[in-house]
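In: I would like the atomic coordinates for the input below:
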Amino acid sequence: EPDDAAAPAPTGGEGADDTAEWLKEIRELCEVSMDAEAIRRKLKDRAVPPSLRGVIWQVVMRVRSKPDALAGQDLPVAEGDTPLKRDCIELATRYCESDAAAEAALEMEGILGFYGRSRGVEYDPSLGWAELLAPFMAIPLSKGDRYNCFYVLMSKYAVKNLADDAPCFEVFRLLLMYHDPELCNLLDSLKIRPQDFAATWIRSMFSHWCGPEVALPLWDAYFLGEDQFFVFFLSLVMLINGRDYVMQLAETPATLAKELESLPSQLGADDITDMCDLAEHFSMVTPQSFRAQYSTSVFGSGARRSAAKEVDMFGTLCLSIPVETILRHSEGAIKFFVVDTRPLSQYDAAHLSYGWHLDATLMMDQPAIFAEELARLEDALASSMQHPCFLHTGDDEDAGQLGMVVSQFLQKHHRYVSVVKGGFAALERRVASYGAGGSKYLIRQQVPAHLAADADARTSPSGSDNGDGDEAGWGSRLSGWKSMAKSTYRSSAAKLAEKSAAAKETAREKSKLLADRYAEYKEKGKRDPKAQYRGKDRSLRSELEDDEEEGNGKGAEADLSDALSPKLCKDGRLVASIGRLEKQPAVMYVFKCSEVDAEGFLYPSHLVLTKTHVMKLRDRTTRDSEVLSRRPLLTIGKITAKKKHPNLITLVFEVPTHTTTTPDAGAATPSASPGAPGQQAATPEQVGSGFSIGDADDDADHSMSSVEPENDAGDAELKTQPTPDSGTSSDSTRGTPVIAVRTFVELREMYMVPESAEAKSAFRVLISALQARCETP
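Out: Down below sits the predicted model:
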């Protein structure tokens, strides 16, 4: 038996005594309790002891103490030279000691002959039976135990169909496209299929190319992890880790497939831990739902495969995700960025609250607008760190448009791309099955009156539901609606293109005006560079901060009076029409953006600037937006933007609070108000630091959190300033003077703003103007 001298001691062990105790505990688990889960916990981050490998495999494969199926059986051994005999001799020589190889070859031949006879199947080298039995010959097991282990391996872990057009190879290609579309596209362009190089990998679970020093620890991870699809993730690691090698060999495609096939032969025992860790990582960032979709097609028996509904994998561009997963918005560690590619009219009628709209029809009808929308989507996706999942109508007619959009996305080498299985039609059916509880998933708009009337006519007793002629009439009207909607939409898209060109010209003029005005304010600021808008008794500042409920949008009703929608303004909420925002006299600038929350989710929003305030509006639909907050511009301490992602800007508000302090040795130390734990007083250099705007340092740790600070002072930076009218007071009980101090707690909000340069210029000009007014007596 192999010894365990090289077996690592458990973490925190003190040496040989601890190793011996650890081995004893594992042996007791295997021989007494036979608890597979306890063994997995005990072996977590440990190497399997070679002397216990056989019994550990039996326990985790649940064949320990199973009866000997070979007892009393006549094991067939063929006379003469046969493919089975040749394969058994070759593999026994590789996996067994030289003096035991001949006996092991005979045992293998008998086991495989019995297995084939019991199933009525002739031995075929392409099935990989001998390769899957050979590793069991390298560990101390009885003949019956080897057969039981081999039987479970063939039933549970082995891929059943290995024909040239087998589904397993398409599954591997889909996984490769999900994780490395550039490499997958390269192999597709060279007409190299997964079956051309990965057939022996999948068929033998790498035992064809590796010896026992590699195959056995690799199979340890297989059985302890109990993952059928582990061979696919190991294959991904093998291919993606050698992508540079693949790129070099791409110049000689004639030999590339053979070179790729032999990659596992380069593995050493030291590579196994890293390889398995990477395979587990790929497994974690792959939607687990794909296992349920493809398990029967890949691992099911012939009867199960024929009885199961055929999975449409061939010709599929990418993985498909079930609608149940999309409604949860996440799966394990994965969060999905849902891209709704339906026409605008359908999106407005009903859509997911967290979906991003990208009209696929624009790709052919308005390519310039589509390119702009696609660029915005890519910027938002890069900042979200989520997996893009495309949602289409679910109709076969629209599948071509979806395919073109997804293909363009994959050609740009975007990873983790998937589509919603069944499209919006399947999603809507699933939502309907939830009854009243399904209403929370979709945002719906009221059906137009003329469509509602037609729908009522269709379902009325005298409507078009009766008879073939009526059915044809209904189909005709439906076709007419589609034509009318498409015509209307194309007309709207053309008008949108004209407006977009005019808006660009207006933006250029505004940018020049902003630059000129900013230069004027900057020159004025040079006359008194130390003047700050805090710490002085300024009537304008005091007037702006009189609004105690500024964070809840108080004052927005006056600023947006003509844009508010009276029917939607209920329960104290203010809902404004997006199209009328710029027409309000008090509104100076409106910027369409997406707010980035603490978990990286994007919420379509608008930033509205008046001369004195900034308002945040959250889009409810494509037409209406709800006011969430309204804050004075002078509470903005700074605005930062990443150099590599200039469209991602952070507004740092300094929200005023009031505290009381007791002087200590001549220095007033503020006491943080309740609800702001971990805050620290600002240094004298920080007090009155003033407004700043610029790019963030690329080397800094830029969190996606909208409230996480960019300094190490604590959860938030607390700046202090005595209130202008406070002075000092005495505590009548203790006789200790108390100073009322105004403190400022930093609040960060992060936005993805397509027109970030114009937005920063607008903030700069308006705040500079306010500062100039504050300094005017």
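In: when you work out contacts or count neighbours from here on, use the C-alpha atoms and nothing else.
Out: Noted.
In: so for stretch 23-42, what's the average pLDDT?
Out: Averaged over stretch 23-42, pLDDT sits at 90.
In: list the contacts for E182?
Out: By CA atoms under 8 Å, 6 or more residues apart in numbering, E182 lies in contact with 410-411, 413.
In: how about those in a markdown table, adding secondary structure?
Out: Shown next, in a markdown table, are the contacts of E182 (DSSP: H, G, I helix; E, B strand; the rest coil):
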| residue | secondary structure |
| --- | --- |
| L410 | helix |
| Q411 | helix |
| H413 | coil |
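In: out of these, grab the one that's most surrounded.
Out: Among the contacts of E182, L410 has the most neighbours (other CA atoms under 10 Å), with 22 neighbours.
In: what sits against that residue?
Out: 181-182, 417 are the contacts of L410 under CA under 8 Å, 6+ apart.
In: is Y115 located within a helix, as I assumed?
Out: Yes: using three-state DSSP, the assignment for Y115 is a helix.
In: just give me the neighbour total for it.
Out: 19.
In: cool, the one 4 residues further on as well?
Out: The burial metric for R119, expressed as a neighbour count using other CA under 10 Å, is 8.
In: likewise V627?
Out: Number of residues near V627 (other CA under 10 Å) recorded here: 25.
In: and what about it, helix, strand or coil?
Out: Recorded secondary structure, V627: strand (three-state DSSP).
In: find the nearest non-adjacent residue to L70, please.
Out: Residue nearest to L70 in three dimensions, not counting chain neighbours: G144, with 5.8 Å by CA to CA, 6 or more residues apart in numbering.
In: for A101, see how far away that neighbour is.
Out: G144 sits 18 Å away from A101 when distances are taken as CA to CA, to the nearest Å.
In: hmm, back to that, can I get the contacts of E182 in JSON lines with pLDDT and distance to M385?
Out: Formatted as JSON lines, those follow (pLDDT from 0 to 100; distance: CA to CA, whole Å):
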{"residue": "L410", "pLDDT": "91", "distance to M385": "17"}
{"residue": "Q411", "pLDDT": "90", "distance to M385": "19"}
{"residue": "H413", "pLDDT": "91", "distance to M385": "15"}
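In: returning to that earlier point: give the rounded mean pLDDT of the helix or strand that contains the residue nearest to L70.
Out: Secondary structure from DSSP states H and E places G144 in helix 143-152. The predicted model gives helix 143-152 an average pLDDT of 94.
In: thinking again about what came up before, possible to save the contacts of L410 as TSV with secondary structure, distance to E755 and pLDDT?
Out: Listed next are the contacts of L410 as TSV, based on DSSP: H, G, I helix; E, B strand; the rest coil; distance: CA to CA, whole Å; pLDDT from 0 to 100:
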residue	secondary structure	distance to E755	pLDDT
P181	helix	30	94
E182	helix	31	93
V417	coil	27	95
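In: which one of G144 and A101 has more residues nearby?
Out: Neighbours were counted for G144 and for A101 using other CA under 10 Å; A101 has more, 20 against 16.
In: shaky segments in the chain?
Out: 1-17, 301-315, 446-554, 567, 571, 599-600, 643-644, 656-744, 774-777 (pLDDT under 70).
In: now the spatially closest residue to V237 that is not a sequence neighbour: how far from H414?
Out: Leaving out its chain neighbours, the residue that sits closest to V237 by CA to CA, 6+ apart is A279, at 6.1 Å. In this structure, A279 lies at 20 Å from H414, with CA to CA as the measure.
In: before we move on, what about R53?
Out: Taken as CA to CA, the span from R53 to H414 is 42 Å.
In: for the contacts of E182, which one is nearest V237?
Out: Nearest to V237, judged by CA to CA, of these is H413 at 18.1 Å.
In: thought the closest one was touching D180?
Out: Yes: assessed by CA atoms under 8 Å, H413 is found in contact with D180 at 7.4 Å.
In: list the buried ones in stretch 157-170?
Out: Residues of stretch 157-170 classed as buried under the neighbour-count rule (16 or more other CA atoms under 10 Å) are 157-162, 167-170.
In: which ones are touching L263?
Out: M238.
In: count of residues packed around the residue nearest to V237?
Out: 20.
In: with V121 instead?
Out: 10.
In: contact partners for it?
Out: Applying CA under 8 Å, 6+ apart to V121 gives no contacts.
In: where's the nearest residue to F230 once chain neighbours are set aside relative to V60, distance?
Out: Residue nearest to F230 in three dimensions, not counting chain neighbours: Y222, with 6.6 Å by CA to CA, 6+ apart. Going from Y222 to V60 by CA to CA gives 10 Å.
In: more neighbours, those two?
Out: Set side by side, Y222 and V60 show more neighbours around V60, with 21 against 18, by other CA under 10 Å.
In: who touches P212 in this structure?
Out: Neighbouring residues of P212 by CA under 8 Å, 6+ apart: 94-95, 135, 138.
In: nearest to S297 among those residues?
Out: For these, the nearest to S297 is P135 (26.2 Å; CA to CA).
In: for that closest one, give me its contacts.
Out: 95, 207, 212, 215-216.
In: how about A138?
Out: Here A138 is in contact with 95-96, 212 (CA under 8 Å, 6+ apart).
In: among the residues you listed, which one sits closest to M750?
Out: Among the contacts of A138, and counting by CA to CA, the member closest to M750 is P212, at 54.1 Å.
In: distance of the closest one from D348?
Out: Taken as CA to CA, the span from P212 to D348 is 61 Å.
In: same deal with A576?
Out: From A576 to D348 the distance is 17 Å (CA to CA).
In: before we move on, back to that, out of the contacts of P135, which is nearest to P343?
Out: For the contacts of P135, the nearest to P343 is S207 (51.3 Å; CA to CA).
In: where does the closest one land in three-state SS?
Out: Quick answer, by three-state DSSP: S207 is coil.
In: ok, back up a step: can I get the contacts of P212 in a markdown table with distance to I334 and secondary structure?
Out: Formatted as a markdown table, the contacts of P212 follow (distance: CA to CA, whole Å; DSSP: H, G, I helix; E, B strand; the rest coil):
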| residue | distance to I334 | secondary structure |
| --- | --- | --- |
| R94 | 42 | helix |
| Y95 | 41 | helix |
| P135 | 36 | helix |
| A138 | 40 | coil |
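In: closest one of those residues to F337?
Out: P135 (43.5 Å).
In: ok so, going back, could the contacts of A138 go into CSV alongside distance to K24?
Out: Output for the contacts of A138, formatted as CSV (distance: CA to CA, whole Å):
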residue, distance to K24
Y95, 28
C96, 27
P212, 25
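In: so A92 touches A134, yeah?
Out: Yes: using CA under 8 Å, A92 is in contact with A134, at 6.5 Å.
In: do a quick rundown of the strands in the stretch 301-450 of the chain.
Out: Taking DSSP state E, counting those that start in this stretch as the test, the strands found in the stretch 301-450 of the chain are 319-321, 330-331, 334-340, 350-352, 356-357, 387-391, 418-420, 442-444.
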